[in-house]
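A.B. asks: Quick one, fold the following:
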Amino acid sequence: MKVLALDVGDVRIGLATSDPLGIIASGYETYTRQGENADIQYLKDFIKKNAIELVVIGLPINMDGTFGERVEIVKNFANKLLEEVQIDIVFQDERLTTVQAEKMLIRHGVKRKKRKKVIDKVAATIILQAYLDSK
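C.D. replies: Coordinates of the predicted model:
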C-alpha cells in the first residue's frame, strides 16, 4: 500500500511517500503553499497520479500532550482534503520531528539556507517512517 505523509505548516508542506510495500519512507518534496484551494488541488492531483491509498498527517501536539490551535488548523485542513480525495487519512504525533530533522541535516553538513528548503520534507519522512514502523 502506497502511503503519503504530510507535514503541514503555514508556509510549506513537506511530502514523503512510502514504497509500494509500505515499509520505507522517502522524502518527496517541500511544497510552498499557494492558498488552501490550490494546496488541496495539488495534493488531490498528487494522490491520484501516485496511486496513494492512505494519507498520514503530522499532528502538532503540544509537548504536554494537549491540543492547541495548530492541531485544529491541521485537522481542518485534513477535513478539506478528505472531502476531495475519499481515502483514509490518519494522524501521527509529530512532536519534535522538525527538531530531529534539523539535527539530522546539521549532522550531514547541510547549510542553513539549504536546510530551510528541505526541512519540511525531512520532517514528513520522519513522520511517515514512525507511522510505518508502528504498523
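A.B. asks: Select the helix or strand of the chain having the lowest average pLDDT value.
C.D. replies: Within the chain, no helix or strand scores below helix 97-107, which has a mean of 75 by mean pLDDT, DSSP states H and E.
A.B. asks: And it, what's buried?
C.D. replies: The neighbour-count check on helix 97-107 (16 or more other C-beta atoms under 10 Å) flags 97, 98, 101, 102, 104, 105 as buried. Yep, even glycine has a C-beta here, placed from its N, CA and C like the rest.
A.B. asks: Out of those residues, which is nearest to residue 128?
C.D. replies: Minimum distance to residue 128 across those is 10.1 Å, recorded for residue 97 (C-beta to C-beta).
A.B. asks: and the closest one, how far is that from residue 106?
C.D. replies: According to C-beta to C-beta, to the nearest Å, residue 97 and residue 106 sit 15 Å apart.
A.B. asks: that older thread, from the buried residues of helix 97-107, which two are the most distant?
C.D. replies: Most distant of the buried residues of helix 97-107, by C-beta to C-beta, are 97 and 105, 12.4 Å apart.
A.B. asks: Tell me which residue lies farthest from the centre of the protein.
C.D. replies: For the chain, the largest distance from the centre (C-alpha atoms, centre = their mean) belongs to residue 109, which lies 23.3 Å off.
A.B. asks: hmm, back to that, just send the buried residues of helix 97-107 back as CSV, with distance to residue 77 too.
C.D. replies: CSV is the format used below for the buried residues of helix 97-107 (distance: C-beta to C-beta, whole Å):
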residue, distance to residue 77
97, 17
98, 17
101, 20
102, 23
104, 26
105, 25
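A.B. asks: Closest one of these to residue 86?
C.D. replies: Closest to residue 86, out of all of those and judged by C-beta to C-beta, is residue 97, at 27.2 Å.
A.B. asks: can you list the weak-confidence ranges in the chain?
C.D. replies: 96, 99 (pLDDT under 70).
A.B. asks: Verify the assumption that residue 58 is located in a strand.
C.D. replies: Yes. Assessed with DSSP: H, G, I helix; E, B strand; the rest coil, residue 58 lies in a strand.
A.B. asks: That one reaches residue 94, doesn't it?
C.D. replies: Yes. Contact criterion C-beta atoms under 8 Å: residue 58 and residue 94 qualify, at 3.2 Å.
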